[in-house]
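Enquirer: give the three-dimensional model of this entry:
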Amino acid sequence: MGKKYGLTGIVLSGGKSVRMGRDKAFIEIDGTSIIQRIYDIFQKLFNEIIIVTHQKELYSCFQAKIVSDLILNYGALGGLYTGLFYSSNPYSFCVACDMPFLKESLIQFLAQRTNGYDVIVPRTLDGLQPLHAIYSKNCLGSIRKLIDMGKYKIIDFYPLVNTKIIEESEFIHLDVSKESFININTPSELQFLSEKKKAS
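Expert: Numbering: from 1, shown residues only. Next up is the predicted model:
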């Protein structure tokens, strides 16, 4: 593509992976780990990559800022806060470490729609997709407010900031099967995915 956006790519890799029984980021799909797949796309698109993790040593092979949660036990919300805190750019694109099928074209589509908004988030028929969204550093105060209230859901701070929702009808042509939003949580999901890929 050539062009890098002045955005940071944030990967949240702090989950305990209880249901999977092993670190989801290093599960291989078609011979490449999920984290490597995400990293390769981020390297093409962004001028900074941040990985938020409790196990920094596992990610030392990546040319990225490897950081630990500033606020413990707040899941993805705490990870997003940490990533935005360390980001050098006004905007960051944030995903979970278990999303193997990101699409450059869809990420670009979102990156071109910041226009002064604080959150740019896709909404599929399943609902909002907060872990495939763009956030500005302006969100830090509102996220902190939410955490201080003891709330955990990322979408709960959206009403506190200038949020732009991108409806499915606007982006579906870029990812018809909505693979971008698939995440691998359990061994059975991984098995299902492997069998589906073989069949296709």
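Enquirer: quick check: the closest residue to R144 other than its chain neighbours vs K4, distance?
Expert: Take R144 and drop its neighbours on the chain: the residue closest to it by C-beta to C-beta, 6 or more residues apart in numbering is Y81, 6.8 Å away. (Each C-beta comes from the backbone N, C-alpha and C, glycine too.) To K4, Y81 is 25 Å away according to C-beta to C-beta, to the nearest Å.
Enquirer: looking at these two, which one has more neighbours?
Expert: Legend: neighbour count by other C-beta atoms under 10 Å for Y81 and K4, higher for Y81 (25 against 13).
Enquirer: mind pulling up the pLDDT for the more buried one?
Expert: As predicted, Y81 sits at a pLDDT of 98.
Enquirer: for it, helix, strand, or coil?
Expert: Y81 falls in the helix class when you classify it by DSSP: H, G, I helix; E, B strand; the rest coil.
Enquirer: how much space between the residue nearest to R144 and Q108?
Expert: Counting by C-beta to C-beta - Y81 and Q108 are separated by 25 Å.
Enquirer: quick revisit: do I have it right that the residue nearest to R144 meets K145?
Expert: No. Y81 lies out of contact with K145 (C-beta atoms under 8 Å); the separation is 10.8 Å.
Enquirer: any idea of the pLDDT on the nearest residue to Q63 once chain neighbours are set aside?
Expert: Leaving out its chain neighbours, the residue that sits closest to Q63 by C-beta to C-beta, 6+ apart is I49, at 7.3 Å. Per-residue confidence (pLDDT) for I49: 97.
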